[in-house]
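A.B. asks: Fold the following, please.
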Amino acid sequence: MFLALPSWAQAATSLQFLGAARTVGGSACLLETGKSKILIDFGLFMSTEDRLRNNLLPFDPSSIDYVLLTHAHSDHGGRIPLLYKNGFRGKVVGIGATKALTRLIMGASLDYPDREAGALFGSQDVAAMMNNFMSLSYDRKVDLLPDVAVRFRNAGHILGSAMIEIWCKDGDQTIKIVFTGDMGNTSIPLLKVPFDVRDGDYVIVEATYGATQRIRNETPQFGKEIRNTLQTGGSVLIPAFTLDRTQKVLFMLGRLKREGIIPEQTPVYADSGMARRITRIYARYAGHFHPEARKLTDGGQDLFRFPGFHDVSGVEALRAHDQGMPAIYVTSSGMLDHGNAPQHLEKMIEEPQNLLAIVGWQAPGSLGSRLLAGERRVRIPVRREGKGGVGADSVEKDVKMRIMQFDLFSNHADACQMLNWLAGFGKTKQVFVVHGDKENTINMARIIDRNLGFKAVAPELNDRIILSADLQYRNLKAGAIPCAGLGGSENMKGTMDF
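C.D. replies: Numbers count the residues shown, from 1 in each chain. Next comes the predicted model:
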């Protein structure tokens, strides 16, 4: 429900937090100027307790002028077709690469509807979204409406991800709002680093990791562990999300081979069909790559294919185990619960010389989370082929392979990166902290206030805030040390990272 507003405020510029408020998932903010209504993201709620919200529409979709999409992850754009199903006829605005990825991901989502909410929308609603997708390039300021202009800046999170600068006319004054969306981690030089926005009246930032600072450079350890595993005759299993995580893993494996850390001819088997299609999209948008990666592509190198790389079917990848030689298997799902990952795990889990390299978030209760927690005997979901076709089954196995987790591949900025980015503003009126659980968002708001001197709050779901051009600025704290007093990566357990 909308919060009650006094009559004088009905035409005022306001921002309502309709998702990702003291939680991760369901990202959605409604910006109203009195003349226009702009929705920034409209994503799926991901947690079990919030998923029934996916069917709720706390506004009339036909009243929305535009939807601005920060990037292609489902927790930011997964409910947009639902708007078309319920009367929205406006444009979705995003980066061209986001359009390409969204088209692919939305099509796949029709095959796997939300289990709690049922089928949220149909193919015709996805088609309506894609037919009304307005592609923008980075760094171009566009007047969308008489009182609203926007500019998309690179966020470095996944391909096509964007921060959004919005200028709203408020009477004879202008209010500037900055949405970071999901800001990327800079530890892997595949995509360009996040753009340094330097001014904004109101800033909305993410807090996936709360007030924690991660280990920044695990590349040497990652390469060392893989090399040692291969040298002892073992193989490496890397379960990875199909969007961005697989591409970053392949990029790093190619880099380690070029540097001689991994033997050049070591077989690397990638067997996810969806990841394969996403990788092709990445390859088409080399202009979004980090200068280090772009130098390689300009020299004719393929960042995702290298000596020893085999892009194969699941059946072919599983047969490779029978060859008895050390290899690396990159597969989905990233949490080992479905896809081809459980089949690989079944073949590898009882060999102590093998390594399971966890490179992504593991949901509570998932097979990956139980392995990280130290369970020594687990039930693995597998598929068995019989006369009736392929069916689901499970098998219990003792856990003897080594299990390690690498934060190197995280897609999100940690608190230190976010605070240093915010410190570049010099002054702002208010910061809103979203996209994190209750504890993380509240702690991050406190750190921003304490370390930078900016007024910061963690809004609750459905909070509606009046944005005033007359609100006083707060200057950056004199002698500010942005990263003072941050916790370490040991406090990140259970943090959702897409």
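
A.B. asks: Quick check: R446 vs T180, distance?
C.D. replies: 18 Å (Cβ to Cβ, to the nearest Å). Where you see a C-beta, it was placed from the backbone N, CA and C, and this is true even at glycine.

A.B. asks: I misspoke; the intended subject was S369.
C.D. replies: 28 Å.

A.B. asks: Show me the strands in the stretch 51-200 of the chain, by range?
C.D. replies: 66-68, 91-95, 133-136, 141-145, 148-154, 162-170, 173-179 (DSSP state E, counting those that start in this stretch).

A.B. asks: let me redo that: the stretch 251-400 of the chain
C.D. replies: Going by DSSP E, counting those that start in this stretch, the stretch 251-400 of the chain shows strands at 268-270, 309-311, 328-331, 355-358, 377-386, 389-398.

A.B. asks: How about the fifth one, which residues are buried there?
C.D. replies: So the one you mean is strand 377-386. For strand 377-386, the neighbour count (16 or more other Cβ atoms under 10 Å) marks 378, 380-381 as buried.

A.B. asks: circling back to that earlier point, tell me which of S369 and T180 has more neighbours.
C.D. replies: T180 (25 against 19; other Cβ atoms under 10 Å).

A.B. asks: so that one makes contact with A155?
C.D. replies: Yes: T180 is within contact range of A155, at 6.7 Å (criterion: Cβ atoms under 8 Å).

A.B. asks: Pull up the gap between the closest residue to K35 other than its chain neighbours and H321, please.
C.D. replies: Once flanking residues are discounted, K35 sits nearest to D147: 5.2 Å by Cβ to Cβ, 6 or more residues apart in numbering. When distance is defined by Cβ to Cβ, D147 is 61 Å away from H321.

A.B. asks: give me the number of residues near the residue nearest to K35?
C.D. replies: Neighbour number of D147 under other Cβ under 10 Å is 16.

A.B. asks: got a pLDDT number for it?
C.D. replies: Per-residue pLDDT puts D147 at 97.

A.B. asks: Pretty sure it sits against D172.
C.D. replies: No: look at D147 against D172 with Cβ under 8 Å: they stay out of range, at 11.6 Å.

A.B. asks: Now for T180 and A155: what residues contact both?
C.D. replies: Common neighbours of T180 and A155, using Cβ atoms under 8 Å, 6 or more residues apart in numbering, are 163, 194.

A.B. asks: where exactly do the helices run in the stretch 101-250 of the chain?
C.D. replies: Per DSSP state H, counting those that start in this stretch, the stretch 101-250 of the chain carries helices over the ranges 123-131, 219-231, 245-258.

A.B. asks: among those, which is the most enclosed?
C.D. replies: A comparison of those by mean neighbour count, using mean count of other Cβ atoms under 10 Å, puts helix 245-258 on top with a mean of 23.

A.B. asks: I'd like to know the average pLDDT value across that helix.
C.D. replies: 97.

A.B. asks: Run the angle between it and helix 219-231 for me.
C.D. replies: Compare the direction of helix 245-258 with that of helix 219-231 by axes from the mean of the first three to the mean of the last three Cα atoms, to 10 degrees and you get 80 degrees.
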